[in-house]
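Chemist: Predicted model and sequence follow; I will ask about them next.
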Amino acid sequence: MSEASSPSIAPPDRDGAIARIVIVGGGSAGWMAAAALSRVLGPRGPCITLVESEEIGIVGVGEATIPPIRTFNALIGLDEAAFVRETQGTFKLGIEFVDWTRLGDRYFHPFGVYGHDFGLAPFEAVWRRLRRAGQAAPLDAYSVCARAAAQGRFAPIPQAANGPPPMGYAFHFDATLYARMLRAHAEAAGVVRREGKVVDVALRGADGFVEAVTLASGERIAGDLFIDCSGFRSLLLGQALETPFEDWSRWLPNDRALAVPSANVGPPAPFTRSTAREAGWQWRIPLQHRTGNGYVFSSRHVSVDEATATLLSGLDGDPLAEPRLLSFQAGRREACWVKNVVALGLASGFLEPLESTSIHMIQAGVARLLEMLPTRAFEPADARRYNRLMAADFDNVRDFLVLHFHVTQRDDTPYWRELRTMTPPDSLAERLAIYRATGRIFRENDELFTKTSWLAVMEGQAVGARDDDPLALGVPQDLAAARLAKIAELAGRAVERMPAHGDFIAAHCPARTPEPV
């Protein structure tokens, strides 16, 4: 049996910089952590070792993202065009929701913002007042992203004080190719990869801190700080440290997903599509070389065979493989940082990919770890703050996801009848009560989802407001109508100048044929 040559772990009450970081698990979570830590901490920082096994598959269905990923890629030095080329990527302006409110209905959740505020009066308050009076267009008219998506166009546009509403964008990409790209960056920065399956986790007797992991080969890898990226198994946080799991299936009952790639049948759309089905929802994610598809469903309401038939019958192109079944449970660990272990990705919790938040939750966890990177003393206050902030992130995303399922008008299947009549989390019930009274939307602290996101879903799924926000009454109606018309005009002009999405990709970031993975 061999052991890493670095000195044994220091007692937690002795001050000093972290010397060794061990990341257990690869995939997007592990390699995002490795790339960011090595980039920020530099060559004089701690030794970083990543352990992963080729025997253990990667979930790899999270191929759609939200705009903050652009910040992460910039942090680690990824050129955007190269990133899109290397991952067979496309651009994403938002999500189209089909059949969520009722059968035959659809709406769009755009990135960016709707319009511009009227001083202290929020845009949405003024828009709602004029919409009641018949002097405002549908909400999408005031979003560059929504209008560009509807026309299949894309190009970044600069933000200007007197220009159209700011737009945002993210990406669709092959998650396995992204992990490969991250690995290259991380290894170039000094991260050491160890191939092998973890078969034992050694805890220190005095305080229960993780001391080392042992691989099937017998190699023992010791560390100061351990990052658990082992997926649903949660080898360190869940199994070794026995951190309880908080089950959210009473609000989010989906517990299975079938994933299958299909052939492209035309230019890729610059948006993700989510179609509500009898017992869940189906995603469509267009890449340059294929389309990603999946059906997220509740096994209490539909069988795997029935779900498979539904998924395959809803594909735009021919399937390129057999559907792959994944099992999961919605919820999170009661803490993401326990002793000297920080969990990222699926090891910390799972929230289904309806709003493409999986990659972002990894990013948020990495950013906060860098902000609160411990010394070998492992100050408990750091862990408490980290856990409080990550729990708030999870809870906020949970509420936003539950919103989609709860405010439906569908009652055509037991699944939808159960969801529309559930008792939502108290925090979501409060948001809904405020919105139903005056249409007010709020964003507290650094919550992930902006007012645009909450407004898109609440309006898209017909959550009505009884009265207008009093702030809107202070804006003269004729002035408001003229400004709304100007906003819509500027948004329309901006979109008219954009090329087709496929043409933009062909000109700036066409992908090479990917190597086998």
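Modeler: That came in fine, so what should we check first?
Chemist: Could you tell me the phi and psi values at A276?
Modeler: As for A276, its main-chain torsions (degrees, to the nearest 10) stand at phi -70, psi 130.
Chemist: who touches it in this structure?
Modeler: 97-100, 408, 410, 416 (C-beta atoms under 8 Å, 6 or more residues apart in numbering). Quick note: C-beta positions are derived from backbone N, CA and C, even for glycine.
Chemist: tell me the centre residue of the chain?
Modeler: For the chain, the residue nearest the mean C-alpha position is T357 (1.4 Å; C-alpha atoms, centre = their mean).
Chemist: Run through the neighbouring helices and strands of the longest helix along the chain.
Modeler: Scanning the chain for the helix with the most residues, using DSSP state H, yields helix 380-406. Other elements packing on helix 380-406 under the criterion 3 or more C-beta pairs under 8 Å, 6 or more residues apart in numbering; DSSP states H and E are strand 337-338, helix 358-371, helix 414-420, helix 426-438, helix 451-460.
Chemist: Can you lay out these as a markdown table showing mean pLDDT?
Modeler: As requested, those are exported to a markdown table (pLDDT from 0 to 100):
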| stretch | mean pLDDT |
| --- | --- |
| strand 337-338 | 98 |
| helix 358-371 | 96 |
| helix 414-420 | 98 |
| helix 426-438 | 97 |
| helix 451-460 | 96 |
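Chemist: Out of these, which gets nearest to G112?
Modeler: Evaluated over the helices and strands packed on helix 380-406, closeness to G112 peaks at helix 451-460, with 6.9 Å, by C-beta to C-beta.
Chemist: and the helix or strand just after that closest one, average pLDDT?
Modeler: Beyond helix 451-460 in the direction of the C-terminus, DSSP states H and E gives the next helix or strand as helix 477-496. Over the span of helix 477-496, the pLDDT mean works out to 96.
Chemist: what do you get for stretch 119-129?
Modeler: For stretch 119-129, the mean per-residue pLDDT is 95.
Chemist: Check which residues of it are buried.
Modeler: When neighbours are counted by 16 or more other C-beta atoms under 10 Å, the buried residues of stretch 119-129 are found to be 121-129.
Chemist: So what touches that stretch?
Modeler: 113-118, 136, 139, 142, 438-441, 451, 455, 465, 468-469, 471-475, 477, 480, 484.
Chemist: of the residues you listed, buried ones?
Modeler: Buried by 16+ other C-beta under 10 Å: 113-116, 118, 136, 139, 142, 438-441, 451, 455, 465, 468-469, 471-472, 475, 480, 484, out of those.
Chemist: show me the contacts for the residue nearest to R20 when sequence neighbours are not counted.
Modeler: When the adjacent residues along the chain are set aside, R20 lies closest to G223, with 4.4 Å between them (C-beta to C-beta, 6 or more residues apart in numbering). Contacts of G223 were listed using C-beta under 8 Å, 6+ apart, and they are 9, 20-22, 49, 210, 212.
Chemist: same deal with A488?
Modeler: A488 makes contact with 137, 141-142 under the criterion C-beta under 8 Å, 6+ apart.
Chemist: of the residues you listed, closest to H109?
Modeler: Here the nearest of the contacts of A488 to H109, counting by C-beta to C-beta, is Y142; it sits at 14.1 Å.
Chemist: For the closest residue in space to that closest one that isn't next to it in sequence, what are phi and psi?
Modeler: Closest residue to Y142 apart from its sequence neighbours, by C-beta to C-beta, 6+ apart: G115 at 4.1 Å. Backbone geometry at G115, expressed as degrees, to the nearest 10, gives phi 50, psi -150.
Chemist: Thanks a lot, see you next time.
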